[in-house]
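In: Fold the following.
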Amino acid sequence: MAMMQLAKSNDRIVEFNMEANDIGDEGAIAAGVELETNRSLRVLLLGSNPTFWHDNNIGPQGGIRIAAALRDKNSVLTRLSLSRNKIFEAGTEAAAEFGAMLRQNRTLARLD
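Out: Presented below is the predicted three-dimensional model:
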């Protein structure tokens, strides 16, 4: 995803808002890859936009990738918005991954 590549090449970006852009699992997986190495991003907004009530259509696979990155690699993100997506609709694997992430991640202060 080109926008995540932009964030990767610019270490001054501390907040990245991709709300309501229909990025799907592909975009969420790209975000997860970026979260593994990014050391400047503090806020990542991938949820819905309350003005338009449109989400990003992120499903379980995208959610699992983001949770894994935050569990194992990322130690700087403080806020993650995933509201109104479809991450937990297809079973418990994504929920288990987020549970594991929340037990290990010490920097994430806000998750919605």
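In: tell me, what residue is most central in the protein?
Out: The centroid of the chain falls nearest to Ile66 when counting by CA atoms, centre = their mean (5.0 Å).
In: was I right about it contacting Ser81?
Out: No: the criterion here is CB atoms under 8 Å, and Ile66 misses it with Ser81 at 11.2 Å. In this view, the C-beta of every residue, glycine as well, is placed from N, C-alpha and C.
In: follow-up on the earlier one: quick one: the residue nearest to the centre of the chain and Ala96, what's the gap?
Out: 14 Å (CB to CB, to the nearest Å).
In: the helices in the protein, which residues?
Out: Applying DSSP state H to the chain gives helices spanning 2-9, 24-37, 60-72, 93-104.
In: tell me the most buried of the ones you listed?
Out: Comparing the helices of the chain by mean neighbour count (mean count of other CB atoms under 10 Å), helix 60-72 comes out on top with a mean of 22.
In: got the angle between that helix and helix 24-37?
Out: Helix 60-72 runs at 10 degrees relative to helix 24-37, counting by axes from the mean of the first three to the mean of the last three CA atoms, to 10 degrees.
In: and helix 60-72, what other elements does it pack with?
Out: Judged by 3 or more CB pairs under 8 Å, 6 or more residues apart in numbering; DSSP states H and E, helix 60-72 is in contact with helix 24-37, helix 93-104.
In: Ok, which of the ones you listed comes nearest Lys73?
Out: helix 24-37 (4.1 Å; CB to CB).
In: which residues are contacting the closest one?
Out: Residues external to helix 24-37 that are found in contact with it (CB atoms under 8 Å, 6 or more residues apart in numbering): 1, 4, 7-8, 18, 21, 23, 41, 44, 46, 56-63, 65-66, 68-70, 72-74, 77.
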